[in-house]
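**Student:** here you go, sequence then predicted model.
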Amino acid sequence: MTTYERDARNLELPWPFTGREEELELVRRASVAGRQGVVVTGPVGSGKTRLITEAVRGADCARVTGTPETSSLPFAAFAHLLTDGVSLPGAVRHLSGVRLLVVDDAHLLDEASAALVHQLAVHGRTRLVVAAADTAPVPGAVSRLWTGELLTHLALEPLPYDETDRLLAGGGLDPLTVRRLHRVSRGDLRLLRELLGTLRESGRLTRVPDTGEWAWRGPLPLTATVRDRIAPLLDRPAPGEYDTLEHLAFAEPLPQHLDDGLDLGILERLETDGLIHVDGQGAVRLAHPLLGPALRARAGRLRARRLARTPDQCEPALKEEQEQLEVRIEQLDVREAPAPVGEWLAAEGLPVPAGYAAVRARYSRLRGELREAAAWAREGLRTAPGDASCSTELARAAAESGEGAVVREDGGLAHYGTVRLGESAGAAGRPSGVLALHAEALARGDGPGLDRAAEALAERGLLLFAAEAHAQAVRAHRDPRAARMSRTRAVALARRCQGARTPALSGLVLGELTARQRQIVTLAAAGLSNRQIAEQLTLSVRTVGNHLYSAYTRLGAGDRAALPWLVEQPDAQSA
């Protein structure tokens, strides 16, 4: 087992608002004068309150919140805004002067408060920004806000992985820890934050020697939120069901076939209830990513010792997993695929075979997950220092991040690499299939063709290649609107590629802007606020804001977070 330096209690983990640019803009637009408002629904912990708080920041508004304890008391949520004994019509009149009302946890409102919110929406004099969980019963008056199309409806999904990665990027967490945290939390920000706090306070974050990053290796902390999340999943009255779930939790890294001593009737019931998933080969896995780690963590040491399987017992499944990944690489289909065996080894801090680690590194790199690619390569090098395949993958990930020299691809991607560098591959080395679409469109200077190639590449999970194709389309388009659309798509994909800096992406520089706009955007991309930029350039804050707004429009950027992708121009060449 790998040993890392401990003591992460003083580690400051960032918790800024990140991502959600489109959702943030929608809430802002819906809450300005002339609009009736918006209802934001989503699972508990998906960030509804945080999104709304950011959207109305600086605005003059009244706030109310539903609570379980007061759900039976009339107008309880509005007690601080209304007088005692007020009627519904009186309450509507009393609040008619409120221009913007924020209603949080609307699914917990008492019936009178829910009716008041509905009437305010009907009358239309008060703009409403409402948040409600979609996993709980909602008062009819609240649900009619969107089913009756009184307000704009935004269904908020859990935070996706790439935005979780951006959120935690400044916290010094290693990529495999970020991926593991996102997997068990499923983008639930409340659970994610609680897990991070517990890991830090309990000393379970350990320093990785060769990077200085912090890693989580070992069992899942059984926090209060973890227990709340798994309690409904474990309320199994039928005999044998809990034991079966626990058995699968410890066998989860291995393909578990239906004839492996498990009761078929119990498995059928668990599958019907959505607790397990059976793939086409008959392998059985727990459906909820939190369930297995939680069951393993709550088992006693003696029981865990009896149920757990050793790394040696994982070898056949690990080999099968590696072969499946190699086939997908050969087919250039690197869409997200389950690979639980290697992930379990890494999560437990157990040795990861170098051959498997190199394949995982290459798979991640082709997906544009460059930091993860480097992390997998380092896992292999810890097991086998000096391993050539892992060393090569580590160097390639560094090159694609603009931090190292070119390391040429081997195999079928070798000639495609020369095309990405803008060189001639020669007739004998021309790429085929989806790579040929990109190469041929680039040779023709065909903007629409490059966009089509980018879409085909992205569909196969080749996100970095897709980002490059869209970036090259920017220069090839004759229509400025099409060029802006390609730039927007290139930026969106590049932001998912964990710090990629390749020659093609350097085409996202600021050629369309005035000298002053380039100056301001470069400072903004470096992290300066509008006020700091204004002081440095002797301008007004409003002038800086206007220049940035114009730059966003020309560049197709949503906000400040996209600017580093447009500004930085790497010196390194692509692998």
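**Tutor:** Thanks, I have it.

**Student:** got a list of what the spatially most central residue of the chain touches?
**Tutor:** Centroid check for the chain by CA atoms, centre = their mean gives residue 161 as the closest residue, at 2.0 Å. Going by CB atoms under 8 Å, 6 or more residues apart in numbering, residue 161 touches 179, 182, 187. Backbone N, C-alpha and C define where each C-beta goes, glycine included.

**Student:** at 6 Å instead, please
**Tutor:** residue 182 (CB atoms under 6 Å, 6 or more residues apart in numbering).

**Student:** likewise for residue 118?
**Tutor:** residue 141 are the contacts of residue 118 under CB under 6 Å, 6+ apart.

**Student:** and if we set it to 8 Å?
**Tutor:** Residue 118 touches 141, 142, 144, 145, 150, counting by CB under 8 Å, 6+ apart.

**Student:** for residue 120, same thing?
**Tutor:** 92, 95, 101, 126, 128 are the contacts of residue 120 under CB under 8 Å, 6+ apart.

**Student:** look up how far residue 154 lies from it.
**Tutor:** 19 Å (CB to CB, to the nearest Å).

**Student:** over to residue 388?
**Tutor:** Going from residue 388 to residue 154 by CB to CB gives 50 Å.

**Student:** looking at those two, which one has more neighbours?
**Tutor:** residue 154 (20 against 10; other CB atoms under 10 Å).

**Student:** sec struct for the nearest residue to that one once chain neighbours are set aside, please.
**Tutor:** Closest residue in space to residue 154, ignoring its immediate chain neighbours: residue 40 at 4.8 Å, by CB to CB, 6 or more residues apart in numbering. Using DSSP: H, G, I helix; E, B strand; the rest coil, the structure places residue 40 in strand.

**Student:** how about residue 129?
**Tutor:** Strictly by three-state DSSP, residue 129 counts as strand.

**Student:** could you list everything it pairs with in the sheet?
**Tutor:** When bridges are called by DSSP bridges, residue 129 pairs up with residue 38, residue 102.

**Student:** list the residues that contact it.
**Tutor:** Contacts of residue 129 (CB under 8 Å, 6+ apart): 27, 30-31, 37-38, 40, 52, 55-56, 61, 100-103.

**Student:** now with 6 Å, please.
**Tutor:** Per CB under 6 Å, 6+ apart, neighbours of residue 129: 31, 37, 38, 52, 102.

**Student:** so the second one touches residue 128, yeah?
**Tutor:** Yes - contact between residue 37 and residue 128 holds when scored by CB atoms under 6 Å: they sit 3.5 Å apart.

**Student:** can I assume residue 64 sits in a helix?
**Tutor:** No - with three-state DSSP as the criterion, residue 64 is assigned strand and is not in a helix.

**Student:** quick check: it vs residue 133, distance?
**Tutor:** 16 Å.

**Student:** OK, contacts around residue 381?
**Tutor:** Taking CB under 6 Å, 6+ apart, one finds 387, 390 in contact with residue 381.

**Student:** past the helix or strand containing it, which element shows up next along the chain?
**Tutor:** In this structure, residue 381 sits in helix 370-383 according to DSSP states H and E. Tracing the chain past helix 370-383, the next element assigned as helix or strand by DSSP H and E is helix 388-400.

**Student:** what about residue 431, neighbour count?
**Tutor:** Other residues close to residue 431 by other CB under 10 Å number 21.

**Student:** give me the low-pLDDT residue ranges for the stretch 401-550 of the chain?
**Tutor:** 404-406, 408, 410-412, 419, 421-430, 507-513 (pLDDT under 70).

**Student:** could you redo the last one with a cut-off of 80?
**Tutor:** Across the stretch 401-550 of the chain, the ranges flagged by pLDDT under 80 are 402, 404-432, 506-515, 525-527, 549-550.

**Student:** helices of that one, residue ranges please.
**Tutor:** 414-420, 433-444, 447-459, 463-476, 480-494, 515-525, 530-537, 541-555 (DSSP state H, counting those that start in this stretch).

**Student:** so which residues of the stretch 1-150 of the chain form helices?
**Tutor:** Ranges of helices in the stretch 1-150 of the chain, per DSSP H, counting those that start in this stretch, are 21-30, 48-55, 88-94, 111-123, 140-147.

**Student:** no further queries at this time; thank you.
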